[in-house]
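Engineer: Turn this into a structure:
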Amino acid sequence: MSDPVLVTGATGNTGAPVVAGLRGRGHRARAASRHPDPADADAVAFDWSDDATFAPALTDVRAVYLVAPAGAADPVPSVRPFLHLAAARGVRRVVLLSSSAVERGHAGLGEIHDLVAGIFDEHAVLRPSWFMQNFVGDHPLAESIRRTREIVTATGDGRLGFIDAADIAAVAVEALTASEPVGEDLVLTGPESLSYPEAAAIVSEVLGQPVRHVDVTTAELARRLASAGYSAEFSDMLAALDGRIRAGEQDLVTTTVRDITGRTPTSLRHFLAGHASRLASSP
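Structural biologist: Okay, here's the model as predicted:
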């Protein structure tokens, strides 16, 4: 594609490697964020709360990597007008970042999934499992590891296929640039399904210090998340997801990353070993 690919959330866990991956293949990537890099000629100001930023970001764009507003319990009112404007401006392909826990048509990201599929013939919805970056970045789980050497969840022994955001980005780059759509509903996981107690054991080995898993109720987790700065509604939603993990809903492993990119997805142990310094201190 000679026209630019718009990457929303361009400074985020997946957006930054998507920008790098596109440019590494010789594609123009328009990096959209609230605070664009002035040294980047293809960076553009973009804010989901300011629809005046939509049209300039979409100029001459034919494909979009779509990351919905972070922390919004209901992102649909912001995203719907953007998608209709994108279609009106000639965007052909949209790749949406969603979640393995959200089916098409469900509230929030599921509604956006439905919108994308209904508006754009060429589309892909990436539905990854939980990010490995949550263990090392600006996230309550990582902060708890650094401060108290604890991983606090309401998941019990429930398991999930933690995934490296770099693997998600690799799939996104393929989905944005392939001559033909690579698939419409893509569930992405790492190479294995692990419980948080098992993850805590891996963190302990990499860090060289004991890190324990603390199992709490969903109500207690919601309270902790609200104390960390999340809205009450969003905290309740995140805590409810932990309850679903406890029930076994996310105990799955797919081959989608390998099938689309040809690369072996990163294991949690390998990821943490490469970010060991961030386990011990703030990012």
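Engineer: which stretches of the chain form helices?
Structural biologist: Along the chain, the segments classed as helices by DSSP state H run 15-24, 54-58, 76-88, 109-119, 140-148, 165-177, 196-207, 218-227, 232-246, 256-261, 268-274, 276-280.
Engineer: To Val44, which of those lies closest?
Structural biologist: helix 54-58 (5.0 Å; C-beta to C-beta). C-betas here are computed from N, CA, C, even on glycine.
Engineer: ok now that closest one, how far from the chain's centre?
Structural biologist: What separates the centre of helix 54-58 from the centre of its chain is 22 Å, taken as C-alpha atoms, centre = their mean, to the nearest Å.
Engineer: do the same with stretch 143-150
Structural biologist: The gap between the average C-alpha position of stretch 143-150 and the chain average comes to 22 Å, counting by C-alpha atoms, centre = their mean.
Engineer: looking at the helices of the chain, which is closest to Val64?
Structural biologist: Minimum separation from Val64 across these (C-beta to C-beta) falls at helix 76-88, 6.0 Å.
Engineer: measure Ala154 to Ala72 for me?
Structural biologist: Remark: distance between Ala154 and Ala72 (C-beta to C-beta, to the nearest Å) = 22 Å.
Engineer: quick one: which of those two has more around it?
Structural biologist: Counting neighbours by other C-beta atoms under 10 Å for Ala154 and for Ala72 shows that Ala154 has the greater number, 25 against 18.
Engineer: for the more buried one, what are its contacts?
Structural biologist: When the contact criterion is C-beta atoms under 8 Å, 6 or more residues apart in numbering, the partners of Ala154 are 215-218, 220-221, 239, 242-243, 246.
Engineer: These, buried ones only, as a PyMOL selection?
Structural biologist: Paste this into PyMOL to select the buried members of these, with burial taken from 16 or more other C-beta atoms under 10 Å:
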select buried, resi 215+216+218+221+239+242+243+246
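Engineer: So which of the contacts of Ala154 is the closest to Arg28?
Structural biologist: Of the contacts of Ala154, the one sitting nearest to Arg28 (C-beta to C-beta) turns out to be Asp242, at 39.9 Å.
Engineer: is it true that the closest one touches Val152?
Structural biologist: No - using C-beta atoms under 8 Å, Asp242 is not in contact with Val152, being 9.9 Å away.
Engineer: what touches both of those two?
Structural biologist: With contacts defined as C-beta under 8 Å, 6+ apart, the residues adjacent to both Asp242 and Val152 are Leu221.
Engineer: low-scoring pLDDT stretches of the protein, where are they?
Structural biologist: Scanning the chain with the threshold set as pLDDT under 70 gives 1-2, 282-283.
Engineer: and the strand ranked longest in it, which strands flank it?
Structural biologist: Determined from DSSP state E, the single longest strand within the chain is strand 122-128. Strand 122-128 pairs in its sheet with strand 93-97 (parallel), strand 185-188 (parallel), by DSSP bridges.
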